[in-house]
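Peer 1: need the 3D shape of this:
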Amino acid sequence: MTAFVCGPDRPTVAIIDFAAPMPSGQELTVAADGLLAQHTCEEPLERFRVRLEATGESHEDAADLLTGAAGDRVPVSLDLTWQTLGEPYAYRVATRYEIRAG
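Peer 2: Residues are numbered from 1 along each chain as shown. A predicted model of the protein is given here:
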């Protein structure tokens, strides 16, 4: 499980847990020590939601993540929803859909 909050002129906050269990249940829940994430399909091919409560590490220099340097422990809470404005496109040779944002 990985999640990042990053952008210009701000620290990079990373949640990284390679030992977290695979998602389970209708909300594809991932639960581990200091981590709770839910990935919900609220409306198939139209609206998706990700919720996260975790302890992450804040890094002033994102390159620290490449060296394994520890950052400052910080609480992270996300509640994000994506909703398409377009039509899903089904690939003929792959089992996936692509949904444009607008």
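Peer 1: measure residue 86 to residue 79 for me?
Peer 2: Look at residue 86 and residue 79: by C-beta to C-beta, to the nearest Å, they are 23 Å apart. Every residue, glycine included, has its C-beta placed from N, CA and C.
Peer 1: for residue 18, same thing?
Peer 2: Separation of residue 18 from residue 79 (C-beta to C-beta): 24 Å.
Peer 1: more crowded one of these two?
Peer 2: residue 79 (10 against 6; other C-beta atoms under 10 Å).
Peer 1: so where does the residue lying closest to that one once chain neighbours are set aside fall, helix or strand?
Peer 2: Nearest residue to residue 79, sequence neighbours excluded (C-beta to C-beta, 6 or more residues apart in numbering): residue 51, at 5.1 Å. Assigned by DSSP states H and E, residue 51 falls within strand 47-59.
Peer 1: who does the helix or strand of the chain with the lowest mean pLDDT pair up with?
Peer 2: One helix or strand of the chain scores below all others by mean pLDDT, DSSP states H and E: strand 97-98, with a mean of 71. Partners of strand 97-98 in the sheet, by DSSP bridges, are strand 89-90 (antiparallel).
Peer 1: so what touches the least confident helix or strand of the chain?
Peer 2: By C-beta atoms under 8 Å, 6 or more residues apart in numbering, the residues outside strand 97-98 that reach it are 45, 88, 89, 90, 91.
Peer 1: stretch 1-8 too?
Peer 2: With C-beta under 8 Å, 6+ apart as the test, stretch 1-8 has contacts from 12-18, 20, 30, 32, 35, 37, 52, 54, 56, 62, 76, 78.
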